[in-house]
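> Here is my input; please provide its structure:
(one chain, ligands or ions: 1)
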Amino acid sequence: MKPEEHQSPSETKDLVVFDIVRESKCAECLHELWKGDFLFMEGRRPLCLRCADLDHLVYLPRGDTALTRRARKRSALSAVVVRFSRSRGRYERQGVLVEEAALDRAEEECRADSDQRCAKREQNRLRLAEQDRDLAASMTAVIIRLFPGCPPEEARAVAAHTSVRGSGRVGRTSAGRALEEDALTAAVIAAARHKHTPYDRLLMRGYSRGEARNAIRDALDRVLESWRCLAS
Ligand SMILES: [Zn+2]
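Numbers count the residues shown, from 1 in each chain. Below you'll find the predicted structure:
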């Protein structure tokens, strides 16, 4: 895979340096370049970094977004390092080449405000937790409207369980977010099945899911029936 066979992997005007996956040769000093060496394409000519006047730059592997952004901003000359991924069939960013002084300054800046960024992350976490609580509270209200006989603490437990961030349970689906009644009804039924019928015990005893569901159907219906009516 020769770099010159490809368009620049980046639409921006970044200088691009290739972390090569196949041997090449500098067109100027004829220095051999091995897999893992950096190469710059000047037009169609592969150059080693020295011949490309980029060898004073230092390599900063990707991973720290703030540091990368700052180091590039502080660097008069910088380049994006990419490597061709055979499995994905495209170039992927590996890091950047920046001036050493710029990297030093960026590191200082990041140290200076790491506390601040820490606090911001914490704030963000609290805000998300609050949203979760709001979501769980409105879900609880919907559940109690649908199942007035459902004990409030159980409704709350189902809502909390269902709204856990990123859990992939129904509360995080668009249906759950919209507090769609079907999704919540399904969550209540699932909870009732586990908690108020021998379903789990049957599964432990080797029943298949279908067999266990058949066996507990009447018990489950009775629970749901009583929850659909107002508690006496
Ligand atoms: Zn060279």
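> What about the nearest residue to Ala79 once chain neighbours are set aside, how many residues nearby?
Excluding the flanking residues, the one nearest Ala79 by Cβ to Cβ, 6 or more residues apart in numbering is Leu15, at 3.9 Å. The C-beta positions use only the backbone N, C-alpha and C, and glycine is treated the same way. Using other Cβ atoms under 10 Å, Leu15 has 18 other residues around it.
> Hmm, Leu15 is touching Val81, no?
No - using Cβ atoms under 8 Å, Leu15 and Val81 do not qualify as a contacting pair, with a distance of 9.9 Å.
> Name the helix or strand of the chain that has the lowest mean pLDDT.
Least confident helix or strand, the chain: helix 174-177 with a mean of 58, by mean pLDDT, DSSP states H and E.
> for the helix or strand just after that helix, packing partners?
Following helix 174-177 in sequence order, the next helix or strand is helix 181-196 (DSSP states H and E). Where contact means 3 or more Cβ pairs under 8 Å, 6 or more residues apart in numbering; DSSP states H and E, helix 181-196 is packed against helix 114-146, helix 152-163, helix 174-177, helix 209-228.
> Hey, what's the angle from helix 181-196 to helix 114-146? Just curious.
90 degrees (axes from the mean of the first three to the mean of the last three Cα atoms, to 10 degrees).
> what's the next helix or strand after helix 181-196 in contact with?
Remark: after helix 181-196, the chain's next helix or strand is helix 199-204, criterion DSSP H and E. With contacts defined as Cβ atoms under 8 Å, 6 or more residues apart in numbering, helix 199-204 is touched by Arg193, His194, Arg209, Glu211, Ala212, Arg213, Ala215, Ile216, Leu220.
> if I look at the nearest residue to the fourth one once chain neighbours are set aside, how far off is Arg217?
With Cβ to Cβ, 6+ apart as the criterion, Glu211 has its nearest non-adjacent residue at 7.3 Å, and that residue is Leu202. When Cβ to Cβ, to the nearest Å is applied, the distance between Leu202 and Arg217 equals 12 Å.
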